[in-house]
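[1] prediction below, plus the sequence it came from.
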Amino acid sequence: MKFKNKVQEQLKNAGWYSDRNVSSKYLNVNTISDFPETAREFLFEYGDLVIEDCKPYDSDVINKLHIEEVSAEEIINEAQYEFNKKLFPLGYFHPDHYSVYIDSDEKVYLRLLFYNW
């Protein structure tokens, strides 16, 4: 996959390198074979990274994207109901509490999670 230079630099800062492969981390995930091929390839190369954003302004808040296959079934089911599509989890955007999903057409979705504190 090709990203803009700024994004590529953030991926490198998070520990990504050329030909990275963490597919063994996902071998025991029951649903991984259901994921679209592009999503599996993405997880196998970029999975398990925590990427900090690079804001164009000064801020005390550091947003982080956790790329991982999320296994919280109730969250996945709620998102699928909301979007009326089968969705596959790719990660979590913290501290804004967004889950990141992809569908079989390779469209990416962000869904805000609500918590009862």
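    Received it, and whenever you're ready, just let me know what you need. Numbering: from 1, shown residues only.

[2] could you check how many residues crowd around residue 99?
    The number of residues packed near residue 99 is 21, by other Cβ atoms under 10 Å. Every C-beta, even on glycine, is put in place using the N, C-alpha and C of the backbone.

[3] tally of neighbours for residue 45?
    For residue 45, using other Cβ under 10 Å, the count is 19.

[4] the lengthiest strand in the chain packs against which elements?
    The strand of greatest length in the chain, counted in residues with DSSP state E as the criterion, is given as strand 87-94. For strand 87-94, the packing partners by 3 or more Cβ pairs under 8 Å, 6 or more residues apart in numbering; DSSP states H and E come out as helix 37-46, strand 64-67, helix 73-83, strand 98-103, strand 108-112.

[5] can we see that at 6 Å?
    Applying 3 or more Cβ pairs under 6 Å, 6 or more residues apart in numbering; DSSP states H and E, one finds that strand 87-94 contacts strand 64-67, helix 73-83, strand 98-103.

[6] point out where this structure drops to low pLDDT.
    Under the criterion of pLDDT under 70, the regions of the chain flagged as low confidence span 1, 53-79, 95-96, 113-117.

[7] please redo it, this time with the cut-off set to 90
    With pLDDT under 90 as the threshold, the chain has low-confidence stretches at 1-14, 24-117.

[8] burial measure for the nearest residue to residue 88 once chain neighbours are set aside, as a count.
    Distances taken as Cβ to Cβ, 6 or more residues apart in numbering place residue 35 nearest to residue 88, at 4.8 Å, with adjacent residues excluded. The burial metric for residue 35, expressed as a neighbour count using other Cβ under 10 Å, is 20.
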